[in-house]
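1. got a predicted structure plus its sequence, pasted below:
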Amino acid sequence: MAYISFKPSDHFNTKLYSGNGSTNAQTGVGFQPGWIWIKNRDGGGGSHDHYVFDQVRGTTKYLRPNETNGQGTASGVTSFDSDGFTLGSSDGMNENGRTFVSWNWKANGQGSSNTDGTINTLYTSANTTSGFSVSTWNGTGSNGTIGHGLGKVPKMLIIKRTDGTQAWMVYHTAPGNNSEGQITTSAFSASSTAWQDTDPTSSVFYVSGSAGDSVNASGYAYVGYAFAEVKGFSKIGKYVGNGSADGPFIYTGFKPAFVMFKNYQSNGDNWVIQDNKREGFNPNNRRIFPNDSAEENTSAFRIDMVSNGFKLVSSDSDANASENFLYMAFAEEPLVSSNNIPATAR
């Protein structure tokens, strides 16, 4: 029996493109993206930061996952189109002659206010099919709950204060609700503050007003990205590294299109993103670090993406130290698709 009745590429897709320093329309994404994450792959002049845009905050408004700065405005994504997006002249996203990667998630337009929690969101854009939503809210300075609109329990949250300097905060089901993470090389810290020591539910997630300025301080503005598992499309979990070039195999139930992982136990290791487009075949060794502005890294580090998961084929500490790792993966195709044909290895 098929795991899912939809094509994964209708809800998540990686799009590669070349910059032209001018208006640059990107088609072939396969849907109107609600969240776009862009990274310069090959260096050159201008900024090499990561940039994220979403339909809730609107066009030209960016955040940088590798920086703590608040929201900026630039001629980056100037429109969210039916089959992709259009770029303006900003070097960070469209420098002439440089190559870029964009990771695209489908949401549901700008959305509307969600009133499920004790804190009403300004907007929540929820794709209940794929388990992804974007929400914005104004902080209250008190413990509260925020509606995510998914109808299923999120296993990962990424939250950023948008109107000032503050670290990106991460909740993940692997380290749990008494642990706070950031998009840095730091380990997750044992703390019950940010999430009130409580896991999200199928309708809300928990935020604290006493966690500094990080998730719900009074009078500040926030954006949150929520991810729930959908069998055959997404998997959010944990693996234990073994420190060997013959690393562990992680079963996802699909051929991955995107994998992001992090050693959450020790300091000093990068977040890592791998996808199925930049290399296009195994071994996949083109890694990008969300916490760093460095260009695409093509070292001997590698993972293999296969029909039902991914395997670590490196002893590199960013991916396979003998410690605990969290991950989030999205499918290229499920192990068994809607036509009941099994996926094949690459």
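-> That came in fine, so what should we check first? Since the structure is predicted, the reported quantities are computational estimates derived from the model, not experimental observations.
2. bridging residues for the residue nearest to residue 154 when sequence neighbours are not counted?
-> The shortest distance from residue 154 to any non-neighbouring residue, by Cβ to Cβ, 6 or more residues apart in numbering, is to residue 226 (4.2 Å). The way it works is simple: take the backbone N, C-alpha and C, and place the C-beta from them, glycine included. Residue 226 has these beta-bridge partners by DSSP bridges: residue 133, residue 157.
3. my read: residue 226 touches residue 130, true?
-> No - the pair residue 226 / residue 130 is not scored as a contact, 11.5 Å apart, by Cβ atoms under 8 Å.
4. compare these two (neighbour count), which wins?
-> residue 226 (27 against 24; other Cβ atoms under 10 Å).
5. what about the helices in the stretch 201-346 of the chain?
-> Along the stretch 201-346 of the chain, the segments classed as helices by DSSP state H, counting those that start in this stretch run 317-320.
6. which parts of it are strands?
-> If DSSP state E, counting those that start in this stretch is used as the criterion, the strands of the stretch 201-346 of the chain fall at 204-207, 221-228, 234-240, 249-251, 254-263, 272-275, 303-306, 309-312, 324-334.
7. now render these as CSV, adding mean pLDDT and distance to residue 94.
-> Listed next are the strands of the stretch 201-346 of the chain as CSV, based on pLDDT from 0 to 100; distance: least, Cβ to Cβ, whole Å:
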stretch, mean pLDDT, distance to residue 94
strand 204-207, 98, 34
strand 221-228, 98, 23
strand 234-240, 98, 29
strand 249-251, 97, 35
strand 254-263, 97, 22
strand 272-275, 95, 20
strand 303-306, 92, 28
strand 309-312, 95, 31
strand 324-334, 95, 25
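8. which of those sits closest to residue 50?
-> With Cβ to Cβ as the criterion, residue 50 lies closest to strand 272-275 of those, at 9.5 Å.
9. hmm, who's touching the closest one?
-> Under the contact criterion Cβ atoms under 8 Å, 6 or more residues apart in numbering, strand 272-275 has outside partners 14, 101, 103, 256-262, 284, 286-290, 303, 305, 310, 318-319.
10. how about stretch 246-253: buried residues?
-> 247, 250, 252-253 (16 or more other Cβ atoms under 10 Å).
11. identify the residues contacting residue 254.
-> Residue 254 sits next to 3, 8, 232-233, 235, 308-309, 329, 331-335, 343 when contact means Cβ under 8 Å, 6+ apart.
12. quick one: which of those has the most company?
-> residue 331 (29 neighbours).
13. of the contacts of residue 254, just say which sits nearest to residue 112.
-> Closest to residue 112 out of the contacts of residue 254 is residue 233 (24.7 Å), distances taken as Cβ to Cβ.
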